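Asker: Let me see the structure of the following:
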Amino acid sequence: MVEQKDPKDWTRVATLDQCLPGNLFGVQVGSLKIVLANVDGTIYALEDQCSHQDLPLSDGYLEDDQVECIYHGARFNICTGTATSLPAIKPVATFNVDIRGGDIYVQSVE
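Answerer: Got it, this is the predicted structure:
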């Protein structure tokens, strides 16, 4: 039996057409900025703030399973949020994602 997800816990943030494979797309849930990453059709969600400095990861690049901050070259694993390259040493938060039809939902965090 599949557990039903409470719709109150999820926020629609974008459509699949807005976050194409190989791309990043910045969204906002309340006051929290989130970057969506589409890796071969799978959507991931991370905090849209480099842990090295307060700069948006959504301005950066997606390469395989890594997002690179355009400003100082820090890299993060999109699945875990783990910092994988200096100057960042702290991870960024990750969020659960659900696809419903063509819509992308992120689990509420606030």
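Asker: where's residue 25, which helix or strand?
Answerer: Per DSSP states H and E, residue 25 falls inside strand 24-29.
Asker: how about the strand ranked longest in the chain: buried residues?
Answerer: Longest strand of the chain, by residue count under DSSP state E: strand 32-39. Within strand 32-39, the residues that count as buried by 16 or more other Cβ atoms under 10 Å are 32, 34-39. For glycine as for every other residue, the C-beta is placed from the backbone atoms N, C-alpha and C.
Asker: rewinding a little: could you check the angle strand 32-39 makes with the strand holding residue 25?
Answerer: 150 degrees (axes from the mean of the first three to the mean of the last three Cα atoms, to 10 degrees).
Asker: now residue 75: how far from residue 95?
Answerer: Relative to residue 95, residue 75 is positioned 19 Å away (criterion: Cβ to Cβ, to the nearest Å).
Asker: what's across from the residue nearest the centre of the chain in the sheet?
Answerer: The chain has residue 45 as the residue nearest its centroid, 2.3 Å off, counting by Cα atoms, centre = their mean. Per DSSP bridges, the residues bridged to residue 45 are residue 36, residue 95.
Asker: Share the number of residues neighbouring the residue nearest to residue 55 when sequence neighbours are not counted, please.
Answerer: Counting by Cβ to Cβ, 6 or more residues apart in numbering, residue 71 is the residue found nearest to residue 55 once chain neighbours are left out, at 4.8 Å. Neighbour count of residue 71, defined by other Cβ atoms under 10 Å: 15.
Asker: re earlier: can you give the strand pairings for the strand holding residue 25, parallel or anti for each?
Answerer: strand 32-39 (antiparallel).
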